[in-house]
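Trainee: Following is a predicted model, sequence given first.
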Amino acid sequence: IDALQTKITKTEVQQKSLEKALPKLDKSFEAINSTIEKLEKESTDLENKLNSLRKAASGLKLKYNEAESIVEEKAEELHELQQIYEETKTAAAQKRTMLVQLQQEFDDCSKTYTKCKREADNLKQTIGELSIQLKNLCKDLDLDEAEKKQKKKDGKEKGEDKGKEKEEEEKEKEEK
């Protein structure tokens, strides 16, 4: 019983520890989801900026065809815009890479969460089974105690019966 009680206590401690870890994992999931949403928004913003830059580059090319006299000025602007485009494109690629990494981390956390939840469920089941075993053992001990008491009671009654029989035999002998 002591071993079972110790095992139940250890199991309960493990369960409490896992239950404490679950909210932390939930917060981590929320933080990751929030970061993913921010990155998706930033990625959309960057793509919009990229589209705007593409439109601006197209406009510059049209102006180049229309006015050869301002080609040098527009070429410098176009060069600057192309640098911004490349930086934006690089930043967008980095953000996409981060998004993929965060998605992987989210998947890993999700697997860990599922594993912890499964372990917690298994521990709850084990605690339930151990509680049933403990109750059954207690019932068995109570039955054993009741049987011992009954045997003592029966033994005393038999002892009293034997004593009465001996007294009767002695009386009969005396009477004879």
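Mentor: It's in.

Trainee: From the chain's centre, how far out is stretch 141-156? Work that out for me.
Mentor: Mean-position distance between stretch 141-156 and its chain equals 49 Å (Cα atoms, centre = their mean, to the nearest Å).

Trainee: ok, and for stretch 15-35, which residues are buried?
Mentor: Neighbour-count burial for stretch 15-35, counted by 16 or more other Cβ atoms under 10 Å, picks out Gln15, Leu18, Leu25, Ile32. (C-beta placed from N, C-alpha, C; glycine too.)

Trainee: Which of those residues fall in strands?
Mentor: Using DSSP state E, no member of the buried residues of stretch 15-35 sits in strands.

Trainee: check contacts around Ala91.
Mentor: Leu46 (Cβ atoms under 8 Å, 6 or more residues apart in numbering).

Trainee: Could I get the full set of helices for the chain?
Mentor: In the chain, the helices defined using DSSP state H lie at 2-66, 71-175.

Trainee: Let me know the angle separating the shortest one from helix 71-175.
Mentor: Computed by axes from the mean of the first three to the mean of the last three Cα atoms, to 10 degrees, the angle separating helix 2-66 from helix 71-175 equals 170 degrees.

Trainee: picking up where we left off before, what is the nearest of the buried residues of stretch 15-35 to Gln94?
Mentor: Distances from Gln94 to these, taken as Cβ to Cβ, are shortest for Ile32 (17.8 Å).
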